[in-house]
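Chemist: generate coordinates for the sequence data below:
(one chain, ligands or ions: 1)
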Amino acid sequence: MGVVTVGVDLGGTKIQAVVVANRRVVGEARHPTPRTTADDVVGEIVATVHGALDSCRRTPSELRAVGIGTPGTVDSATGHVSQSSNVPGFLDEVALGPTVSAAFNGTPVTVDNDVRVAVMGEYRRGAGRPYRNVLGVFVGTGVGGGLILEGRLRRARGSAGEIGHTVVRPGGRRCPCGRRGCLEAYAGRLSIERTARRAQVKGHRTELFELMELKGRDRLTSSVIADAFDRGDPMTIELLQQAVEALGIALANAQNLLDVEAVILGGGLGDRLGRPFLHRVEHEMLKHLRTPERPPALLPTELGDLSGAVGAAVVAGG
Ligand SMILES: [Zn+2]
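Modeler: Model (predicted):
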């Protein structure tokens, strides 16, 4: 009988694993996500699990279960994943759960959506602990969400919590999903980058891309955007104001419908911009609330970039 659970957060740039024993994180490892094939990615997940176990001097024989949070469409019953555009080879169907299970001698492996497991992590082990009705919103490359109602993760038919694709401006900016005016088109990092590039081509001045090169990055990471904002770059200020307004509208709409006790705002951009960003979103949200005298608590994540890995362990029973 194993005594530890490993949670894995598979992302487009990194694989994060944590070891959980007695509900506490006792070890962790982080490896870059291979840019090659699905087989290489699955192999690296196995290596990251071994790395996390090594970090706290545990062995695979002590493993009780492994949980994996992954982008894309997940069949929780089979552990198969497909339609993930930011993990190499994961647009096609990948037998993720069964392959990782086989690598650990048949240890049970649970696979679920990356954002939903991150919300579970915050709900059970992070900022959401005091509450029973929680909306989690993760603002990163895109905008994802998950919903806990009466203490249970809302799964419905598989798409619950997609707040990123609720419409905040009909006919507005084009979203990576192909539709127009979604929250993600204003608040997602990828959309912010595309909009900034288009504006620069049209001759608008910005320090964003100089800062990006200075930091040796090939894309506008959350930290590049946050630095440009801190330096007072006018285009960044304008783009983030649009993100704040869009988030305020989307969160107020969700709150007017659901009346949750808390909204947790995290993700790369959310975490990096911190409390001042949260307060500005709250200010915008209050304008649109039906009962502004009774707003939800708007909270940052407690687990930061470990929300996903811890949540994956929670979903696997750790
Ligand atoms: Zn969309």
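Chemist: next, the buried residues of the longest helix seen in the chain.
Modeler: Counting residues, the longest helix found in the chain (DSSP state H) is helix 234-258. For helix 234-258, a neighbour-count test (16 or more other C-beta atoms under 10 Å) marks 235-236, 239-240, 242-255 as buried. All C-beta spots, glycine's among them, are computed from the backbone N, C-alpha and C.
Chemist: just the CA trace of the helix or strand just after it, in CSV.
Modeler: Sequence order places strand 262-266 as the next helix or strand after helix 234-258, per DSSP states H and E. This file holds the C-alpha atoms of strand 262-266, laid out as CSV (Å, rounded to 0.1, in the frame of the first residue of the first chain):
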residue,chain,number,x,y,z
ALA,A,262,-15.4,33.9,-3.3
VAL,A,263,-13.7,34.5,-6.6
ILE,A,264,-10.1,33.4,-6.9
LEU,A,265,-8.1,35.1,-9.5
GLY,A,266,-4.8,33.5,-10.5
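Chemist: pLDDT on the following helix or strand past strand 262-266, on average?
Modeler: Reading on from strand 262-266 to the C-terminus, the next helix or strand found by DSSP H and E is helix 267-288. The pLDDT scores in helix 267-288 average 93.
Chemist: before we move on, the earlier item: angle of the longest helix of the chain against strand 262-266?
Modeler: 150 degrees (axes from the mean of the first three to the mean of the last three C-alpha atoms, to 10 degrees).
Chemist: what packs against helix 234-258?
Modeler: strand 134-139, helix 184-187, helix 189-201, helix 222-230, strand 262-266, helix 267-288 (3 or more C-beta pairs under 8 Å, 6 or more residues apart in numbering; DSSP states H and E).
Chemist: rerun at 10 Å
Modeler: strand 134-139, strand 143-149, helix 184-187, helix 189-201, helix 208-214, helix 222-230, strand 262-266, helix 267-288 (3 or more C-beta pairs under 10 Å, 6 or more residues apart in numbering; DSSP states H and E).
Chemist: near the ion, anything from it?
Modeler: No. Helix 234-258 does not reach the ion (C-beta under 5 Å from the ion); its nearest approach is 11.4 Å.
Chemist: if we can go back for a sec, quick one: closest of the helices and strands packed on helix 234-258 to the ion.
Modeler: helix 184-187 (5.0 Å; C-beta to the ion).
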